[in-house]
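Student: prediction below, plus the sequence it came from.
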Amino acid sequence: MSHALIDEVVGGIAVSESRAPLLPLTATRSDLLRRAGMARHPLVFLTGDGTRLTEPMRAALTATRVPWVVRTTGGLRDGLTWRPLDDLAAAFDSTSAAPHPDALQLEQPTTLQLVASVSVRHRADASTRLGAALEILGRSAEAAPGAWGPNEPAEYAWDRDALTAFARTRMPSDTRLIAIGDSARPVVATLTARRTARGVEEVTEALVSLGSLDDSATDARADAAVEALDELAVAPWPLMAALFTRPGRADLTTSAFVAPTARPLALLIGAPAVRDLALDPATWGRRFNARIAGRPRTPALVIPLRRSGEPAEIAWNRLVEITETLGVERVAELTGYRLDIDEWRSR
């Protein structure tokens, strides 16, 4: 395999090395990921521990299962799971391990981030407009997307009609787009549109700054994000949405050091999932404190998961119980949405 960003091939593994302080998802890196995927050629991105990933780059590596390997005088480690690596080949081994000692240099978080995963089903017709979920969640945090594009930097002014038209020209192939907000209230997201047997599925993975950890308005914005799920429930057929909060960096980038664990905030079970899974809203209200949202004839369920003064692990246990009750494989089969606890924890 040959590419401008491949510096060497070690044991059959293509290595793209960088010493830059920030690794964004540029058009050239997107092309490298695409070509490596098509060729099924093992690829790693190799950096020092001073490099950070933008959220689109982190999401792209996770989606393509391409490792981020960090090299220091203390040895190699996985930049996202922090586990030590004997060599580059070990980066493709999913065996879990305790973090490398060099990754335990905890950074001081300054910002509470909203981590959101939303899946919406649209009709496959001219009335479809992508981007509503991101706008709804952004408003709850007093943020708004300002630009979009297929790569970083996002070069087009935010326009739902324009990005929908772009995705439509790519059908039936999947389209993955990036959206960013302004620096006053940072927001960054990836939007994936794909054709399914039931229409067009739009998946939004967003990271939004809720404000400083010591700001009393920050918690209010988190509560507003939960309330926003009621508005999202009446958008064109939301399937599922999961919201989390976590302390992190103000610029929403990912470093190669151990980060605080996210905390479950709320879950939305959209009307199609309520119907297809034959969920009884009254039963879910009693058992999980779910409230009815959406349209009267096609109810959805909003389940708040954050409770004041409660340890985060209790909220995680509650979320695990909910996903096991729903049935992970059954939800995936009916909606295409994966209730992936491990993936959510790793965010």
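Tutor: Done, it's in. Remember, it's a predicted structure, so these values are computed and weren't measured experimentally.

Student: quick check: which ranges of the stretch 101-250 of the chain have low pLDDT?
Tutor: With pLDDT under 70 as the threshold, the stretch 101-250 of the chain has low-confidence stretches at 183.

Student: now do the helices in it.
Tutor: Listed in chain order, the helices of the stretch 101-250 of the chain (DSSP state H, counting those that start in this stretch) span 132-140, 160-170, 216-232.

Student: so which of those helices comes closest to residue 79?
Tutor: Nearest to residue 79 among the helices of the stretch 101-250 of the chain is helix 132-140; the distance by Cβ to Cβ comes to 26.5 Å. Every C-beta, even on glycine, is put in place using the N, C-alpha and C of the backbone.

Student: and that closest one, what other elements does it pack with?
Tutor: The contact analysis (3 or more Cβ pairs under 8 Å, 6 or more residues apart in numbering; DSSP states H and E) places helix 132-140 against strand 111-122, strand 145-149, strand 187-196, strand 199-212, helix 216-232.

Student: start to end distance for stretch 103-114?
Tutor: Taking Cα to Cα, to the nearest Å, the span from the opening residue of stretch 103-114 to its closing residue is 24 Å.

Student: and for stretch 130-144?
Tutor: Stretch 130-144 has an end-to-end distance of 15 Å (Cα to Cα).

Student: for the spatially most central residue of the chain, name its beta-bridge partners.
Tutor: To find the centre residue of the chain, average its C-alpha atoms and take the closest one (Cα atoms, centre = their mean): that gives residue 205, at 3.6 Å. Counting by DSSP bridges, residue 205 is bridged to residue 117, residue 190.

Student: how close does it get to residue 121?
Tutor: The spacing between residue 205 and residue 121, counted by Cβ to Cβ, to the nearest Å, is 17 Å.

Student: can you check residue 281 too?
Tutor: Residue 281 sits 20 Å away from residue 121 when distances are taken as Cβ to Cβ.

Student: these two: who's more crowded?
Tutor: residue 121 (23 against 16; other Cβ atoms under 10 Å).

Student: for residue 341, find the nearest of the helices and strands packed on helix 132-140.
Tutor: Closest approach to residue 341 among the helices and strands packed on helix 132-140 is made by strand 111-122 (12.0 Å; Cβ to Cβ).

Student: tell me how far the closest one lies from the chain's centre.
Tutor: 7 Å (Cα atoms, centre = their mean, to the nearest Å).

Student: Three-state assignment for residue 342, please.
Tutor: The three-state assignment at residue 342 reads helix, by DSSP: H, G, I helix; E, B strand; the rest coil.

Student: check what pLDDT it gets.
Tutor: Residue 342 carries a pLDDT score of 80 in this model.

Student: and it, how far from residue 328?
Tutor: Distance of residue 342 to residue 328, computed by Cβ to Cβ: 11 Å.

Student: can you check residue 88 too?
Tutor: Taken as Cβ to Cβ, the span from residue 88 to residue 328 is 32 Å.

Student: same deal with residue 289?
Tutor: From residue 289 over to residue 328 the distance is 21 Å, taken as Cβ to Cβ.

Student: looking at residue 88 and residue 328, which is more packed in?
Tutor: Neighbours per residue (other Cβ under 10 Å) separate residue 88 from residue 328, with residue 88 holding more: 20 against 14.

Student: can you pull the contacts of residue 50?
Tutor: Taking Cβ atoms under 8 Å, 6 or more residues apart in numbering, we find residue 50 in contact with residue 21.

Student: and residue 120, how close does it get to residue 270?
Tutor: Here the criterion is Cβ to Cβ. By it, residue 120 lies 8 Å from residue 270.

Student: and if you look at residue 301?
Tutor: With distances defined as Cβ to Cβ, the gap from residue 301 to residue 270 amounts to 8 Å.

Student: who has more neighbours, the two?
Tutor: Neighbour count, other Cβ under 10 Å: between residue 301 and residue 270, residue 270 has more, with 29 against 23.

Student: one step back: shared neighbours, residue 301 and residue 270?
Tutor: Between them, residue 301 and residue 270 have no joint contacts when contacts are counted by Cβ under 8 Å, 6+ apart.

Student: need the CA coordinates for the helix or strand harbouring residue 71. CSV is fine.
Tutor: Element membership of residue 71 [criterion: DSSP states H and E] is strand 68-72. Listed in CSV are the C-alpha atoms of strand 68-72, where the atom choice follows Å, rounded to 0.1, in the frame of the first residue of the first chain:
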residue,chain,number,x,y,z
TRP,A,68,-3.8,5.4,17.7
VAL,A,69,-0.4,4.3,19.1
VAL,A,70,1.6,6.6,21.4
ARG,A,71,5.4,6.2,21.6
THR,A,72,7.4,7.6,24.5
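
Student: now do the contacts for the nearest residue to residue 285 once chain neighbours are set aside.
Tutor: With sequence-adjacent residues excluded and distances taken as Cβ to Cβ, 6 or more residues apart in numbering, residue 285 is closest to residue 291, at 6.8 Å. Each residue near residue 291 by Cβ under 8 Å, 6+ apart is listed here: 285, 301, 302, 303, 304.

Student: in a helix, residue 324, correct?
Tutor: Yes: note on residue 324: a helix contains this position according to three-state DSSP.

Student: my read: residue 231 touches residue 138, true?
Tutor: No: taking Cβ atoms under 8 Å as the contact criterion, residue 231 and residue 138 are not neighbours in contact, 11.9 Å apart.

Student: these two: which has the busier surroundings?
Tutor: Neighbour totals were compared for residue 231 and residue 138, and residue 138 leads with 26 against 16 (other Cβ under 10 Å).
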